[in-house]
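Visitor: prediction below, plus the sequence it came from.
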Amino acid sequence: MCKPLLLFTLFFITCLFAEDLSYNAAITSKFGDNYNFYTYTENRFDLNIFYKDFQSWIQYEYSNPPDIGFPINDIRKFRIEYGHDNYTIKLGDIYEFWGRGLVLNQIDDQTTNFDNGIRGMFLGYEKGGLTFNHINGNSNIWDFGQDLRIPKYKNSHNVSANQIIFDLNSLSLGISHLSSKENHMLMFGNDAFISHNMKGIYGSWILDNVDLFMEYVDKISTEKNNIGPLDSLKSGHGFYLNFNIYGGNWGLTTEYKRYAFDKGHLGFTPDDYGNRIAFQAMPTLVREQNSTLLGRVAHQFNFNDERGVQVSLTGSILNLDVIHQYAHLSRNEEWQSQTLLDWVDTSIDGYLPSSNPSALPYWENYLEISGSQLNDNLYFKLGRGQNRGILEIMRYFKGEQQDRIINSFWEYDTVVTDFYGTIYTIIDSAEVLDTSFTDLYSVENKMWQELKSITYPLELSYLFNNGYSVSINFEYQEKQLRNTSNGNSREYNASDSLWVLIDPGNPDSNFTQYDNLFHAGTKNFDTQFNRMLSLTIGKASKWSATLTHDQTNAFFGPTTVDPYYNPLEALIFGDLKYFTGKRNKVDPPDFIQKKWVSLELAYNLTSSQRISILYGSLQGGLFCSNGVCRTIAPFNDGIKLSYSAIF
Amino acid sequence: MFVLISGESLETGGKIPDLKLKLLDGKKTSIHALLEDGPLLIDFWATWCKPCKKVMKHLDKYHNKYEENGFKVLMVNQDTPRSVGKVKSYIRSQKYSFYVGLDPNQKIAKKLNGLIMPTLILVDTDGTILWRHQGYMPGEEVEIESKIQSAIGLSTDE
């Protein structure tokens, strides 16, 4: 209770000394409740106060529970800053961004509940072209487990970081260092204590028609073992290059990355520690999509082990804006399964990403054309996104093996013995085993999971002269998710450590098999078809209403069943019996299944205050923001309210 | 809360702090330095924000149209490392001439409450905040221009 009082007192003082002080504030409130007990209440109040050389920021939050994260009724964030001449001092919650984030990029992203802020101190000194920055403090960073709303794993860091920047005209050079003592929570067992040490260097050169940025970081981690000195745990490096060329109204952006802080053919879990830490939030080299369906097939990038290139061409021709973007990524190694459990890696030759499925490659190709016509009253956008990626490799062996042949035979030995004058002949026998090998023969046993999709996002909006506007967004997607197996073997025999040929008499008999992973009920589907249509009608500066209809034909995983038939669905699907008391009150009809319908009304109370209400259902799925991806839980048959104000 | 809901006056008032920022061409400036010649309209945007791109066309038009009156537009970009490399390409492709500031970890946006994109803040030459606006719907450019005209003294519309 005393903290809200403190907040109010600060606000009161702000008003009292209004002549010397200036302030601004923001309020955001969100409420949601649905049929599946998905309930949340989130309220945040941000207050910035400026007084001469002082600045302060306080964020108070009351959330019980929030949409994602832990309940809180407290001052969540605060910071006091003092800047005079060349000095800057900050105390409280520090958020800094160095280079392109290979060493430090701090984000507080509420939509994915990712927060890598440091509570502590920042010291800065700037003179001429030289800048020195120092950060010291503690940070608690949470990761999610199975639960999509409540984080499970806490990693605590004690951080010290330094940066020196030298700016000279269009050239900028920076060196940075960050060390952290981490208390790392594991999935099983006691926490691990790790020391991370990073040294980074970056440079940028900005000219009129060309600019260049490069950053390199070297990282070493050691683990405390309570017995002796710190053991060396892992070491790695990261490199990022961005080279842009501009000519006329065209720009070509090229990016290259190579992050090698760890390696693996599977996803990394909390038990894989000592590698990249959460302060490193680097460029991903995949497109930051604003299409819902493309967002759902976003690549699950790996900051620990990934390399890639991205080329993007942006320009305009014939009054049309054109964006074309191509990306190719892969892990840094190709993998081979010696057995089902033992995998060995081979570093990829050269610097470019691999297309070999065992390196988990990913390709992205996006083209967008947009423009305006009719005195800018008509806006249109056509897009085409093609994504393909290997998500997982289950087996990947190509090589030679030979069968072992065990021959057994008996050896006999005759011994003549004199026993009290009688001659006896004794025949000894022994079984002798002899091992021989067949000729070497080729074996191939591969199995991987692949996702392919093609998506067309379309948008059309028209503004009438009276301030009304109509906007239609339509997205269509075809998606294939399947396991591919091929080779001349499909099994492994652990007892004799050999891959088993499908036809031992004919090692050349190969097979290829595709197993589709989309299904609805018991029926399998080769392709998942997704369609999303949203229609918005709005009146400038005042209100807008958006009706969204999201539809699929199949699922990966359990088939989602909509258990509740709501009036919006009845209205949209023209089921008038719903409103006349003749509806079936027990079973929801089939025509609402595999569909999510919602209606959102937004109203601007003033130009700086906005309220919105959403009723209906939203399909969950992958959501990426700021380089962090989370699977968002679906929202079934409920209501969402939100209010935001700035003043 | 009731005060907030009913308070049209909340859009105005208060002084803008003198925050430092880096421009797209690598030069450094501050908000007060950009206010030297006349009013300034600050807008927060990102390359992936659809309504931001729609309003930018109009803002660039106003930046050029009222440049003689000392008026400027400052577009504060919030692209993260994921997409910050593409900002200049986009600006160049559109031949925009307004000022573009870089705010990759939302330092400025947090201090000016510009986390919702787009958010527009119209500031008078003396640093007084004349108008705040969240979001963009087609047609709102009419109101934006009217506020700019009012700020530079071409209209009496408040």
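Guide: Arrived safely.

Visitor: just the pLDDT for the closest residue to chain B within the stretch 301-450 of chain A.
Guide: Residue nearest to chain B within the stretch 301-450 of chain A: A:Thr314 (4.2 Å; Cβ to the nearest Cβ). All C-beta atoms are positioned from the backbone trio N, CA, C, and that covers glycine. With respect to pLDDT, A:Thr314 scores 93.

Visitor: same question, A:His237
Guide: According to the predicted model, the pLDDT of A:His237 comes to 96.

Visitor: now do it against chain B, distance only.
Guide: Counting by Cβ to the nearest Cβ, to the nearest Å, the gap between A:His237 and chain B amounts to 17 Å.

Visitor: in the helix or strand hosting that residue, what's buried?
Guide: For A:His237, the host element (DSSP states H and E) is strand A:231-247. By neighbour count on 16 or more other Cβ atoms under 10 Å in any protein chain shown, the buried set for strand A:231-247 is A:233-244, A:246.

Visitor: likewise for stretch B:14-34?
Guide: B:14-17, B:19-21, B:24, B:26, B:31-32, B:34.

Visitor: out of these, which is nearest to A:Ile80?
Guide: B:Pro17 (14.1 Å; Cβ to Cβ).

Visitor: tell me which element the nearest residue to that closest one once chain neighbours are set aside is part of?
Guide: Distances taken as Cβ to Cβ, 6 or more residues apart in numbering or on different chains place A:Phe50 nearest to B:Pro17, at 4.2 Å, with adjacent residues excluded. For A:Phe50, the enclosing helix or strand under DSSP H and E is strand A:40-51.

Visitor: check contacts around the residue nearest in space to the middle of chain B.
Guide: Nearest residue to the geometric centre of chain B (Cα atoms, centre = their mean): B:Ile42, 1.8 Å. By Cβ atoms under 8 Å, 6 or more residues apart in numbering or on different chains, B:Ile42 lies in contact with B:31, B:74, B:76, B:112, B:114, B:120-123.

Visitor: from these, which has minimum pLDDT?
Guide: Confidence by pLDDT is poorest for B:Gly114 among these, given 85.

Visitor: which SS class is that one?
Guide: Secondary structure, DSSP: H, G, I helix; E, B strand; the rest coil: B:Gly114 is coil.

Visitor: any idea what the closest residue to B:Gly85 other than its chain neighbours is bridged to?
Guide: With Cβ to Cβ, 6+ apart as the measure, A:Asn242 is the residue that lies nearest to B:Gly85, at 4.4 Å, once sequence neighbours are left out. Beta-bridge partners of A:Asn242, counted by DSSP bridges, are A:Phe213, A:Glu255.

Visitor: any low-confidence regions in chain B?
Guide: B:1-13, B:155-158 (pLDDT under 70).

Visitor: which residues are contacting the top helix by length along it?
Guide: Assignment by DSSP state H gives helix B:50-65 as the longest helix of chain B. With contact meaning Cβ under 8 Å, 6+ apart, helix B:50-65 is reached by A:290, A:372, A:376, A:379, A:459, B:41, B:43-47, B:71-73, B:75, B:94, B:96-98, B:117-118, B:120, B:135-138, B:140-141, B:144-145, B:148.

Visitor: for the buried ones among those residues, write the corresponding ChimeraX selection.
Guide: Buried members of those, defined by 16+ other Cβ under 10 Å, are picked up in ChimeraX with:
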select /A:290,372,379,459 /B:41,43,44,45,46,47,71,72,73,75,94,96,98,117,118,120,135,136,137,138,140,141,144,145,148
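
Visitor: circling back: the residue nearest to B:Gly85 contacts A:Ile206, correct?
Guide: No - counting by Cβ atoms under 8 Å, A:Asn242 stays clear of A:Ile206, with 11.2 Å between them.

Visitor: tell me the secondary structure at A:Leu568.
Guide: Put simply, A:Leu568 is helix when judged by three-state DSSP.

Visitor: show me the strands in the stretch 151-300 of chain A, by range?
Guide: Ranges of strands within the stretch 151-300 of chain A are A:151-168, A:171-184, A:192-206, A:210-223, A:231-247, A:250-260, based on DSSP state E, counting those that start in this stretch.

Visitor: can you list the residues of the stretch 1-150 of chain A near chain B?
Guide: A:22-27, A:46, A:48, A:50, A:55, A:57, A:95-97, A:100-101, A:105-107 (Cβ under 8 Å from any Cβ of the partner chain).

Visitor: show me where the stretch 1-150 of chain A has helices.
Guide: For the stretch 1-150 of chain A, the helices defined by DSSP state H, counting those that start in this stretch cover A:2-16.

Visitor: B:Gly85 and B:Trp45: what is the separation?
Guide: B:Gly85 is 16 Å from B:Trp45, where distance means Cβ to Cβ, to the nearest Å.

Visitor: nearest to chain A among the contacts of B:Ile42?
Guide: Of these, the one sitting nearest to chain A (Cβ to the nearest Cβ) turns out to be B:Leu112, at 6.6 Å.

Visitor: list the contacts for the closest one?
Guide: Per Cβ under 8 Å, 6+ apart, neighbours of B:Leu112: A:24, A:48, B:16, B:19, B:42, B:44, B:119, B:121.
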